Each structure stands twice: as C-alpha cells, then as structure tokens.
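A.B. asks: Got a sequence here, can you build the structure:
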Amino acid sequence: MHPTAGKSTLVDVLSARALHGGTVRGTVTANGRSVSSAEFVKLRAFVPQEDHFVVSMTALETVQFHAALDLPPDTPRGHVSARAHGVLRVMGLSHHSHTMVGGMMPGGVPLRGLSGGQKRRLNIACRIVAAPPVVFLVSDVVWGAGLLGVVGCGTGVIRGAGRVVNPP
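C.D. replies: Next up, the predicted model:
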C-alpha cells in the first residue's frame, strides 16, 4: 500500500482516536452488543508509531509502570510483575529487562540503551500487558521491528488478548 494511502487515519478511525476535526458516524459492536466510544476505548490498545518512554527506566520498569496504569487497581503486585516478565519474554526482551530504555537526556546528553527495534517491541509490550481484546498497530511499527510473527504469537500467548488489527 502506498505510504500516503491513509493507513494511520484508518487505524485512528477504527481505534476511536482523535480525528483532528473529522467526523465518524456508525455503530461499534463488541461481542454482539453496541458499545459507546468510551467503552470501546477500554477494550482496545493502540500502539503508536513513536514511543514516549522515560529514557532512564529499564524495560522491566517501563512495562510494570504501564501494567500498573492499565490493570485494575486491586491487582496484586506479584501479578503485575509476573505479567510484565511474561510480556517481555513473549516480545523477545527478557535478556534486556534490566537495560535502560535509553535516548536523549535533558540537556542533550545521550544515554545508551535499547536499540530501535527493541524499543518498538517494548512499545507493543506496554500496550498488551493488560491483555486488551483488540490491539491496533500501524504497519510501520510492525514492519520496522520485523514483528509480524512475534505480534501474532505474542497476543495469543498473553491470556485474554484477542485480535491484532494491522492494515496492509
């Protein structure tokens, strides 16, 4: 598909993300019943093309942070940690769990850390840690990390996860 064919816009519409002034009409159904946009947002995860990580956190700390935000507040700490470790394993990041994310620190100081492909996988790990029924990915994220097989496998392994939506 052509680079400017509107894949990101399609994913934005399907995932009920901000449309920058556009209007979308229709009905969303999940498991055979109509759901509001607010309900649907809780059922899905969207993996953005750009990551926004704290460069001085490790991969494990980053996934645990997202798990703490996305899982119910009464989730036991041990369960949060187990899910984070499981997602890192599925995404092929177990050996890098104690590696800092890395990037540019304030003041322009570079901090060594994960590679670009590893950051893309970490980005996906952060979104699937809560096992959403639907995961939306923009193809650049998947192809950029060479992850088509890993993502398909990964969401099936994470208990409760469902479908991966990735336009061509």
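
A.B. asks: Local confidence estimate at the residue of the chain most remote from its centre?
C.D. replies: Distance to the chain centre peaks in the chain at G107, reaching 28.4 Å (criterion: CA atoms, centre = their mean). Turning to G107, the model gives it a pLDDT of 91.

A.B. asks: Can you show me the strands along this structure?
C.D. replies: 28-30, 33-35, 44-47, 103-105, 109-111, 134-137, 163-165 (DSSP state E).

A.B. asks: For the fifth one, what is the distance to the chain centroid?
C.D. replies: In terms of CA atoms, centre = their mean, to the nearest Å, the centre of strand 109-111 is set 25 Å apart from its chain centre.

A.B. asks: Which other helices and strands does it contact?
C.D. replies: strand 103-105 (3 or more CB pairs under 8 Å, 6 or more residues apart in numbering; DSSP states H and E). In this view, the C-beta of every residue, glycine as well, is placed from N, C-alpha and C.

A.B. asks: Serialize the strands of the chain to TSV and add fields for distance to R121 and mean neighbour count.
C.D. replies: TSV is the format used below for the strands of the chain (distance: least, CB to CB, whole Å; neighbours: other CB atoms under 10 Å):
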stretch	distance to R121	mean neighbour count
strand 28-30	27	13
strand 33-35	30	11
strand 44-47	10	22
strand 103-105	15	12
strand 109-111	19	10
strand 134-137	12	23
strand 163-165	14	15
